[in-house]
Each structure stands twice: as structure tokens, then as C-alpha cells.
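Chemist: Predicted model and sequence follow; I will ask about them next.
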Amino acid sequence: MKSKILFIAFAALVYSQAINAQEGMPIYADYLSDNYYLIHPSMAGAANCAKIRVTARQQWFGQDDAPKLLTMSVNSKLGESQSALGAIVYADNNGYHSQKGGYVTYAHHLMFSRSVTDLNMLSFGLSAGFIQYQLDETEFNNDLPVRDPIIGGIVQSETNFNLDFGFSYHYLDFYAHATVKNLLNNPGVNNDLQITSNLRRFLLSAGYVYNKFGSSWAFEPSVLYQFKSGTKESIIDINAKAYKSMDFGQFWAGISYRQSLDGAEYLTDSGSISSQKLNQITPIVGVNYNKFMFAYTYTYQTNDVVLDNSGFHQLSIGYNFNCAAKRYECHCPAVN
């Protein structure tokens, strides 16, 4: 009985994760690995270098068909212009559900400052992409004495088109972003219009980089707020990073705390109703060596009811190229 109650509790807690399987690319803490373009299209080409970033994420080691995510992104300015292009491809697997997608991005950056001495830049970006959702039903009838006629026993597949749009603003060491993801309605693989017709997600993020004049250290607090329009769910990330300038580049480390502002109710052993909210702690370490970037991220879920305590592991690698002759004169890692 206890295991059944725990399963119900866990299912309630991760209900939104099941919907996420049809929301396009999941949003984890990988944007903190010098990859804000992954969630904000307006960041394509915002930096003084073109960037390639690759991430690999594995969840719950030891569990069969545990969630895993692979992403690759590239973005760059178009020559000396203020326009930029970007592209993202990803593959996300979660049990019998999987999705693959690709986006292309156009961004434009309006410089209000006369030079890179005093960064003052407003950016906007639009991403258009296709997402292929799949549901593998080939094993659904294996353990049933009689075949269920509503189960096709095949790999169900659906491809949808969608758009992301957003703004970014950089002023010296301050930055802010606002993005709307999944602007268009689409049914997803199961055609459940009540759940999947509205997948719009609103993202707001802001941060500031503190650096004492002449110091090799810099500190960056930031916050990310997410709101899912269809399910009325809210999630907030509170982040802090520290940077140390070195002869070879830069070493940095940080921590992110994520909490859902909406709880899930479940039955306890005593029969009473309790609730809990998603809580995750994510430490991250990284290094910029010349034009290369390497980072490791580990996420630990602190809730009482969890499927597995093995956590979430992620590796990120990156390469910068086509860098501008002169950097912005600010302590702003996302654009420098």
C-alpha cells in the first residue's frame, strides 16, 4: 500500500513533466553554461564572438528509459551588421515519449551607445522551428491477455511548427530578457486539445554582474521566472555565479535554486492529504580556456517524494570563433 501511495504522489508531482514532453525543448539550468541563446532567441549574435554550444544531460542513472537530452546550438552576427542568425537542434527522450526538433533564429541588435565603451543594446529575436513528437506503443499490448483495440501498437508520430519571440536589453553590467515560447497552438502527438492546445510559456530573466575595479573576481546574481499559460504553473530560478579571471581565460562556479510555485497534493500513509512543491538545487562549475568552454552541472531534487535520488548530470562544451577586434568594456560574460 505504501509503494502505491508513493507512486501516486510521485505521479502528481511530475504531472507537469509529462506535459513538458510535448512543449518543445525542456528548460533546465543549461542556460547558465554561457548559453542564454538556448532559451532566449534575442541572444543570437549578442556576444562579441560567434558561439557553438553542445550539451548532454542524463537523469536518474540506473533507471531504464530515464530522461535524457542532447542539444546543439550555434549563433553569430552577420559580418559587421547588427543582424544575426542562429540555429538549435535537440533530441529529448523520456520513456515511451520522445521528441526531436530544430529551430532557426533571426535576431537584430540596436546599439544606443556610440561605441563599445558604454554598452547600451536592445535586441529582439524570432525563432521558427519544427518539432516531431513520438509515442512508442509497440510494447503496450505485450502484457495484456487481450489486445486493447484503442492501442495501435505502433510508433505514433506528429510534427508541428511553432514560433518563439523575445527581447533582451543590456546596459553596462545589467541585463534583462523577456521571451514567449510556443506562440502557436498545436495538438501534439495525442491530439488532446484540452492539455496541449496552449503550450505558451513566458520567460522573464534579469541579472547584474558586480566587479570591484582592478579585481580579478566578479559576482553575478540572476533570476529566471517561467509561467505556463495552459496549466497556470509558475517556476522561479534564483541563481548566483562567481568568476575568477586567469591567465588562460576564466574559471567560474555557481548554484541555482529552482522552485515551483504550485504544489501537488498526495495521500500519506495515514490517509491524510499532504502537498509538496518541486525543489531543485543545481551546482555548476565551468572553465573558459582560450576559445573553449567546458562545464559540468549536477541537479539534486530535495523533495520527500522522488523516483530516484541519483540526480541529474549534464556536460556542456563550447567554442567561440569570429570574435570582434574589441570587446565590450563591461563585466558581462554573456556578451563578452
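Modeler: Received the coordinates, thanks. Only a predicted model underlies this, so the values are computations on that prediction, with no experimental measurement involved.

Chemist: Residue 115 - how many residues pack around it?
Modeler: When neighbours are defined as other CB atoms under 10 Å, residue 115 has 10 of them. (C-beta placed from N, C-alpha, C; glycine too.)

Chemist: Can I get the helix or strand residue 91 falls within in PDB, CA atoms only?
Modeler: Using DSSP states H and E, residue 91 sits within strand 83-94. The C-alpha coordinates for strand 83-94 follow below in PDB (Å, rounded to 0.1, in the frame of the first residue of the first chain):
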ATOM      1  CA  SER A  83      21.700  41.400 -37.600                       C
ATOM      2  CA  ALA A  84      22.400  37.800 -36.500                       C
ATOM      3  CA  LEU A  85      21.400  34.200 -37.200                       C
ATOM      4  CA  GLY A  86      21.300  31.100 -35.000                       C
ATOM      5  CA  ALA A  87      20.200  27.500 -35.100                       C
ATOM      6  CA  ILE A  88      19.300  24.900 -32.500                       C
ATOM      7  CA  VAL A  89      18.800  21.100 -32.800                       C
ATOM      8  CA  TYR A  90      17.900  18.800 -30.000                       C
ATOM      9  CA  ALA A  91      16.700  15.300 -29.100                       C
ATOM     10  CA  ASP A  92      14.700  14.600 -25.900                       C
ATOM     11  CA  ASN A  93      13.800  11.100 -24.700                       C
ATOM     12  CA  ASN A  94      11.600  10.300 -21.700                       C
END
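
Chemist: What pairs with it, parallel or antiparallel?
Modeler: strand 68-77 (antiparallel), strand 97-111 (antiparallel) (DSSP bridges).

Chemist: got the contact list for it?
Modeler: 17, 21, 25-26, 37-38, 41, 44-46, 65, 67-78, 98-109, 125, 127, 129 (CB atoms under 8 Å, 6 or more residues apart in numbering).

Chemist: Adding mean pLDDT and mean neighbour count as columns, could you present the strands paired with strand 83-94 in CSV?
Modeler: Formatted as CSV, these follow (pLDDT from 0 to 100; neighbours: other CB atoms under 10 Å):
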stretch, mean pLDDT, mean neighbour count
strand 68-77, 96, 20
strand 97-111, 94, 19
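
Chemist: As CSV, those with distance to residue 322 would be great.
Modeler: What follows is the strands paired with strand 83-94, written out as CSV (distance: least, CB to CB, whole Å):
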stretch, distance to residue 322
strand 68-77, 6
strand 97-111, 15
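
Chemist: Of all those strands, which one is nearest residue 312?
Modeler: strand 68-77 (9.6 Å; CB to CB).

Chemist: how about the CA coordinates for the closest one, as CSV?
Modeler: Output in CSV follows, covering the C-alpha atoms of strand 68-77 (Å, rounded to 0.1, in the frame of the first residue of the first chain):
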residue,chain,number,x,y,z
LYS,A,68,18.0,12.4,-21.4
LEU,A,69,18.5,15.5,-23.5
LEU,A,70,21.0,16.4,-26.2
THR,A,71,21.3,19.9,-27.7
MET,A,72,23.5,21.8,-30.1
SER,A,73,23.3,25.5,-30.9
VAL,A,74,25.3,27.9,-33.0
ASN,A,75,24.8,31.7,-33.3
SER,A,76,26.7,34.5,-34.9
LYS,A,77,26.4,38.1,-36.2
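
Chemist: ok, residues contacting that strand?
Modeler: The contact list for strand 68-77 (CB under 8 Å, 6+ apart) reads 25-26, 28, 30, 35, 37-38, 43-45, 50-59, 83-93, 105, 107, 109, 322.

Chemist: From those, keep the buried residues only.
Modeler: Neighbour counting by 16 or more other CB atoms under 10 Å classes 25-26, 28, 30, 35, 37-38, 43-45, 50-51, 53, 55, 57-59, 84-88, 90, 92-93, 105, 107, 109 among the contacts of strand 68-77 as buried.

Chemist: And the helices in the stretch 151-300 of the chain?
Modeler: For the stretch 151-300 of the chain, the helices defined by DSSP state H, counting those that start in this stretch occupy 193-196.

Chemist: meant to ask about the stretch 1-150 of the chain
Modeler: Taking DSSP H, counting those that start in this stretch as the criterion, the stretch 1-150 of the chain carries its helices at 2-13, 15-20.

Chemist: Now the first one: average pLDDT?
Modeler: Helix 2-13 carries an average pLDDT of 39.

Chemist: what stretches of the chain score poorly on pLDDT?
Modeler: Within the chain, the ranges that satisfy pLDDT under 70 run 1-23, 60-65, 139-153, 187-196, 265-269, 274, 303-310.

Chemist: In contact with residue 277: list those residues for me.
Modeler: Applying CB under 8 Å, 6+ apart, the residues near residue 277 are 259-264, 303.

Chemist: Give me the neighbour count for residue 184.
Modeler: 12.

Chemist: Now it. Nearest residue, chain neighbours left out?
Modeler: Take residue 184 and drop its neighbours on the chain: the residue closest to it by CB to CB, 6 or more residues apart in numbering is residue 162, 5.0 Å away.
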